[in-house]
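Colleague: Let's see this in three dimensions:
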Amino acid sequence: MNKFTTFLSAIIVLVFAACEGPQGPPGYDGLDGLDGLDGLDGIQGQVVEVEGVNFGYDAGANLFSTLITFSDVTNFEVFESDAVLVYRHDGVIDLSDGSTADAWTQIPQNFFLDEGTIQYVFAHTFVDLELFIDGNFDLSILGTDFTDNQLFRIVFVPSEYAESPDFDASNIEQVMSTLNIGEENITKMEIN
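Modeller: A predicted model of the protein is given here:
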């Protein structure tokens with residue numbers, strides 16, 4: 001009986017080991033580049049520089065606003081879970097070595113004027129973002145140096161990066177470094 005049980009067990013193991021089912025569907029193609037080196041398997045963000053942004057005044061709400069639709073500035077797919085960061089160009093500064101650098105400030109950004117305070121703020125969906133200039137005085141007197149021909153950088157950050165405890169959104173250079181995006185990789189466009 002012991003030999004029969006051993007023989008029967010061996011046949012069952014061979015039968016099940018030899019079973020093979022139908023081939024499953026093919027997997028998704030990977031992304032070209034340095035996939036996996038950063039632990040995020042090719043997930044990356046994008047930086048879009050938008051020049052010539054002009055704000056329109058809404059007297060009823062006493063604020064300036066402008067709408068930027070993502071499909072107008074990029075083909076990068078934005079998900080609801082992604083972070084959208086916005087930086088305003090503050091001008092060019094002189095460095096101690098004689099060179100210059102662009103100065104960028106993350107929005108929200110405050111300005112304390114003689115008339116009162118204004119603040120650049122924004123709201124976004126995964127489709128667009130609306131930039132606002134809000135203030136605590138009659139904004140119809142606000143100078144065009146705050147409202148016309150503004151330069152912004154919009155950074156699309158996949159949630160995998162934004163959730164990292166080491167991620168510092170306040171510094172655009174660090175954000176771009178984290179996303180492995182150099183100046184040459186910035187998508188630049190002008191709004192007319």
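Colleague: When you work out contacts or count neighbours from here on, use the C-alpha atoms and nothing else.
Modeller: Noted.
Colleague: where do the strands sit along the protein?
Modeller: Assigned by DSSP state E, the strands in the chain fall at 46-53, 56-58, 63-69, 83-94, 100-106, 109-112, 117-124, 128-135, 150-157, 187-190.
Colleague: Mind putting the ones you listed into JSON lines with distance to V175?
Modeller: Listed next are these as JSON lines, based on distance: least, C-alpha to C-alpha, whole Å:
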{"stretch": "strand 46-53", "distance to V175": "10"}
{"stretch": "strand 56-58", "distance to V175": "30"}
{"stretch": "strand 63-69", "distance to V175": "21"}
{"stretch": "strand 83-94", "distance to V175": "10"}
{"stretch": "strand 100-106", "distance to V175": "11"}
{"stretch": "strand 109-112", "distance to V175": "18"}
{"stretch": "strand 117-124", "distance to V175": "19"}
{"stretch": "strand 128-135", "distance to V175": "19"}
{"stretch": "strand 150-157", "distance to V175": "9"}
{"stretch": "strand 187-190", "distance to V175": "16"}
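Colleague: For S170, which of these is the nearest?
Modeller: Proximity to S170 (C-alpha to C-alpha) singles out strand 100-106 among those, at 6.0 Å.
Colleague: just the angle between the closest one and strand 117-124, please?
Modeller: Here the directions of strand 100-106 and strand 117-124 differ by 80 degrees (axes from the mean of the first three to the mean of the last three C-alpha atoms, to 10 degrees).
Colleague: For strand 100-106, which strands pair with it and how are they oriented?
Modeller: Strand pairing for strand 100-106, using DSSP bridges, gives strand 83-94 (antiparallel).
Colleague: Measure how the strand it pairs with sits relative to strand 46-53, angle-wise.
Modeller: Using the same axes, to 10 degrees, strand 83-94 lies at 60 degrees relative to strand 46-53.
Colleague: Average pLDDT for strand 83-94, rounded please.
Modeller: Strand 83-94 shows a mean pLDDT of 94.
Colleague: Now F122: closest residue in space, sequence neighbours ignored.
Modeller: L131 (4.4 Å; C-alpha to C-alpha, 6 or more residues apart in numbering).
Colleague: State the number of residues packed around that neighbour.
Modeller: Here the number of neighbours of L131 (other C-alpha atoms under 10 Å) works out to 20.
Colleague: Taking the centroid of this structure, which residue is nearest it?
Modeller: In the chain, the residue lying closest to the centroid (C-alpha atoms, centre = their mean) is F156, at 1.1 Å.
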